[in-house]
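In: can you look at this prediction? I've put the sequence above it.
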Amino acid sequence: MPAENLPSSFNGIHYFAEGWKLVRLPGIRRYVIIPLLVNIVLLGGAFIWLFQRLGQWIPAVLSHVPDWLQWLSYLLWPLSVISIVLVFSYFFSTLANWIAAPFCGLLAEQLEGRLTGKPLPDSGWMAMFKDIPRIMKRELQKLGYYLPRALGLLLLYFVPGFGQTVTPVLWFLFSAWMLSIQYCDYPFDNHKVSFHQMRSALRQHKTANMQFGAMVSLFTMIPILNLAIMPVAVCGATAMWVDRYRMQHARH
């Protein structure tokens with residue numbers, strides 16, 4: 001089998017680190033500007049507001065813990081903070097992705113052309129604007145996949161004791177998977193690969209994709225660094241697409 005058909009041996013952490021390098025490539029930087037600005041305005045403003053409210057929300061969350069588990073408050077307090085920040089960061093990063101989705105797709109398209117030396121046909125700004133209805137339909141598919149699973153985790157959280165200790169871990173893992181889907185979907189969608197096919201392809205390398213999504217999730221919670229995370233994640237996911245999936249799934 002030719003070497004170019006072999007799957008990459010790099011893990012998800014490698015591709016996340018690659019994203020930080022690729023986002024600075026000459027010729028790519030101009031496609032980073034709009035996703036970066038959307039993330040700065042939306043995620044930056046949301047986190048400022050969140051940290052002003054945490055002092056009120058944490059006691060309200062802990063009030064659902066029964067008296068016989070109050071001795072665990074030293075553990076439940078940080079877990080509650082992590083849960084709120086995880087949910088909040090994922091919600092607002094998803095909202096930012098909705099707004100910036102056409103520009104993230106364009107960034108993935110241009111970077112793929114740069115990495116492979118084979119620009120996609122009908123690429124560029126005008127093609128992006130024509131594709132907006134299809135891109136928004138794809139975002140709705142992701143939302144339909146996400147909502148019932150997120151609702152199940154939310155209901156689990158209110159199971160006394162068990163929910164407050166287990167749900168933060170499950171939510172982090174779920175967020176890692178969803179963020180991998182969110183960002184890897186841009187290069188897949190540029191090649192018109194269906195949402196179902198894309199998920200099946202990602203499951204074949206689930207450990208690497210969970211690693212990638214976990215790194216994105218962690219950095220989404222870190223002030224300042226989280227402002228740049230959207231274009232970085234798009235670039236890292238595009239590099240993974242080129243190495244792992246392009247030979248099998250590309251239609252151009």
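Out: Noted; the coordinates are in hand. Residues are numbered from 1 along each chain as shown.
In: all strands of the stretch 1-150 of the chain, in order?
Out: In the stretch 1-150 of the chain, no strands are defined using DSSP state E, counting those that start in this stretch.
In: same question for the helix or strand containing T238, mean pLDDT?
Out: Here T238, judged by DSSP states H and E, is contained in helix 229-240. For helix 229-240, the mean pLDDT works out to 95.
In: what's the answer for stretch 166-179, then?
Out: Averaged over stretch 166-179, pLDDT sits at 89.
In: buried stuff in that stretch?
Out: Applying a neighbour-count criterion of 16 or more other CB atoms under 10 Å, the buried positions in stretch 166-179 are 167-168, 171-172, 174-179. C-beta coordinates here come from the backbone N, C-alpha and C atoms, glycine included.
In: ok, residues contacting the very next helix or strand once past the helix holding T238?
Out: Note on helix 229-240: by DSSP H and E, the next helix or strand toward the C-terminus is helix 246-249. Around helix 246-249, the neighbours that count as contacts under CB atoms under 8 Å, 6 or more residues apart in numbering are 4-5, 112, 116, 187-188, 191, 193, 197, 201.
In: show me what the helix holding T238 is packed against.
Out: helix 12-22, helix 29-62, helix 73-116, helix 162-190, helix 206-220 (3 or more CB pairs under 8 Å, 6 or more residues apart in numbering; DSSP states H and E).
In: can I get that helix as CSV, trimmed to CA atoms?
Out: What follows is helix 229-240, C-alpha atoms only, in CSV (Å, rounded to 0.1, in the frame of the first residue of the first chain):
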residue,chain,number,x,y,z
ILE,A,229,-9.3,28.7,19.9
MET,A,230,-11.8,28.6,17.0
PRO,A,231,-9.4,29.2,14.1
VAL,A,232,-6.7,27.1,15.8
ALA,A,233,-9.1,24.2,16.1
VAL,A,234,-10.2,24.6,12.5
CYS,A,235,-6.6,24.5,11.4
GLY,A,236,-5.7,21.5,13.5
ALA,A,237,-8.8,19.6,12.4
THR,A,238,-8.0,20.4,8.7
ALA,A,239,-4.5,19.0,9.1
MET,A,240,-6.0,15.8,10.6
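In: now do it against helix 29-62, angle only.
Out: 120 degrees (axes from the mean of the first three to the mean of the last three CA atoms, to 10 degrees).
In: ok and helix 229-240 relative to helix 12-22, angle-wise?
Out: On the basis of the same axes, to 10 degrees, helix 229-240 is oriented at 110 degrees to helix 12-22.
In: contacting residues for the closest residue to I40 other than its chain neighbours?
Out: In space, and not counting its chain neighbours, I40 is closest to L227: 4.8 Å by CB to CB, 6 or more residues apart in numbering. Taking CB under 8 Å, 6+ apart, we find L227 in contact with 36, 39-40, 43-44.
In: for the residue most central in space within the chain, which residues are in contact?
Out: The C-alpha lying nearest the average C-alpha coordinate of the chain belongs to L179 (CA atoms, centre = their mean; 2.6 Å). Taking CB under 8 Å, 6+ apart as the criterion, L179 is in contact with 90, 93, 212-213, 216-217, 220, 233.
In: among these, who's most crowded?
Out: In terms of neighbours by other CB atoms under 10 Å, those top out with A233 at 32 neighbours.
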